[in-house]
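Peer 1: predicted coordinates and the sequence they were generated for:
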Amino acid sequence: MATIERAGAPADRQGGTPTRSEIEDFLYLEAELLDEWKLDEWLALFAEGATYDVPTTRADDDADSADQLFLVADDYARLQHRVRRLKKPGAHSEWPRSRTAHSISNVRIVEAEGDEVLVRSVFVTYRAKNDVTDCYFGHHFHRIRVQADGLRIVSKRSMLDMSSLRPHGRVSIIV
């Protein structure tokens, strides 16, 4: 039986296409790291050159940040900067930080080729701050690669399935 190390890689992974169970454990670990505000460990789940984006609420799954406004459109360098900024008191919208509960379900491998898989999952993220609780929901697309050091996120797209961000008005957390 594979054990999951804190870095997110099954300890006895031998390469090839990961199983859905391994992918689920990896996504659950990602959610746990975000809830525990272990942002450096969360960032370590990403491959060099990875991307993370959150299109607007009305965007299609295949929206392109070159053509449309996105709430988040981070390359790897910007993702590193986001993590550094969120950990500082100067990140006014997240200081003190929000309390979150990320829930992941309906995990499906929708495409597999070589050492990469495209995974679709459904998420609900609760955010509590200043006596207000917000709920964000939608679906993720993760492209995950098997690397020598374990599973790594190559790209993550979080599609908000809400009709608008109201009453929240913004996304200052990582969904």
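Peer 2: Nice, I can see it.

Peer 1: hang on, residue 82 packs against residue 73?
Peer 2: No - contact between residue 82 and residue 73 fails when scored by Cβ atoms under 8 Å: they sit 11.2 Å apart. Any C-beta I mention is one placed from the backbone N, CA and C, and that applies to glycine too.

Peer 1: what number of residues lie near residue 44?
Peer 2: If you count neighbours by other Cβ atoms under 10 Å, residue 44 ends up with 15.

Peer 1: 96 is where my numbering starts, stick with that
Peer 2: Yep, numbering from 96; the last one is residue 139 now.

Peer 1: now it: how far from residue 186?
Peer 2: Computed as Cβ to Cβ, to the nearest Å, the residue 139 to residue 186 distance reads 20 Å.

Peer 1: what's the answer for residue 169, then?
Peer 2: In terms of Cβ to Cβ, residue 169 sits 15 Å off from residue 186.

Peer 1: these two: which is more packed in?
Peer 2: residue 169 (20 against 14).

Peer 1: so that one bridges to which residues?
Peer 2: For residue 169, the beta-bridge partners are residue 147 (DSSP bridges).

Peer 1: check residue 248 too.
Peer 2: Applying DSSP bridges, one finds that residue 248 bridges with residue 141, residue 239.
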